[in-house]
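Sequence and predicted structure, then a few things I'm wondering about:
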Amino acid sequence: MTRKERNEIVKFAEKLTDEELEKEYYNAVYSSLGSQCEDMYELGYDIADIVEREKYEKYLGQRADLLEYLCEQRGIKLWERSEEVW
């Protein structure tokens, strides 16, 4: 993740309420689960496409980590109300 991308996420998160930030975090976590790269190898995708997907999946994980940190900074307790949120 570049510094610019990180700053954009932080600015985006600053505009969110605690509840919205919490939901954004959960969305980011669920988006980062799993990987399509192994399937892409097996299906014979071009290596450039696989490398690009790996970078994107890494970004998704970093985004989720950053949102988690921002939630912690605000004192948002994660995973306590997850059944209510979803």
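On my side now, so go ahead.

The strand or helix carrying D65: which residues count as buried?
Using DSSP states H and E, D65 sits within helix 47-74. Neighbour counts using 16 or more other CB atoms under 10 Å place 50, 53, 57, 60, 62-64, 66-67, 70-71 of helix 47-74 among the buried residues. In short, each C-beta sits where N, CA and C put it, glycine included.

which residues are in contact with stretch 39-53?
36-37 (CB atoms under 8 Å, 6 or more residues apart in numbering).

quick thing: my sequence starts at 17, can you match it?
In the new count, where the first residue is 17, that last one comes out as stretch 55-69.

Just the terminal-to-terminal distance for it.
End-to-end span of stretch 55-69 (CA to CA, to the nearest Å): 11 Å.

how many other residues sit next to L94?
15 (other CB atoms under 10 Å).

what are the phi and psi values for it?
When read as degrees, to the nearest 10, the backbone of L94 gives phi -90, psi 150.

Quick one: mean pLDDT for stretch 43-51?
Model confidence over stretch 43-51, given as mean pLDDT, is 92.

How far does it sit from its chain's centre?
Chain-centre distance of stretch 43-51: 6 Å, with CA atoms, centre = their mean, to the nearest Å.

who touches it?
So stretch 43-51 is contacted by 73, 76-77, 79-80, 83-84 (CB under 8 Å, 6+ apart).

now, which of those residues sits nearest E96?
E84 (13.7 Å; CB to CB).

before we move on, which element is the residue lying farthest from the centre of the chain in?
For the chain, the largest distance from the centre (CA atoms, centre = their mean) belongs to G60, which lies 26.9 Å off. Using DSSP H and E, G60 sits in no helix or strand.

before we move on, the earlier item: how about CSV for the buried residues of helix 63-90, with pLDDT added?
Listed next are the buried residues of helix 63-90 as CSV, based on pLDDT from 0 to 100:
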residue, pLDDT
I66, 95
R69, 96
E73, 95
L76, 95
Q78, 97
R79, 96
A80, 96
L82, 97
L83, 97
L86, 97
C87, 96
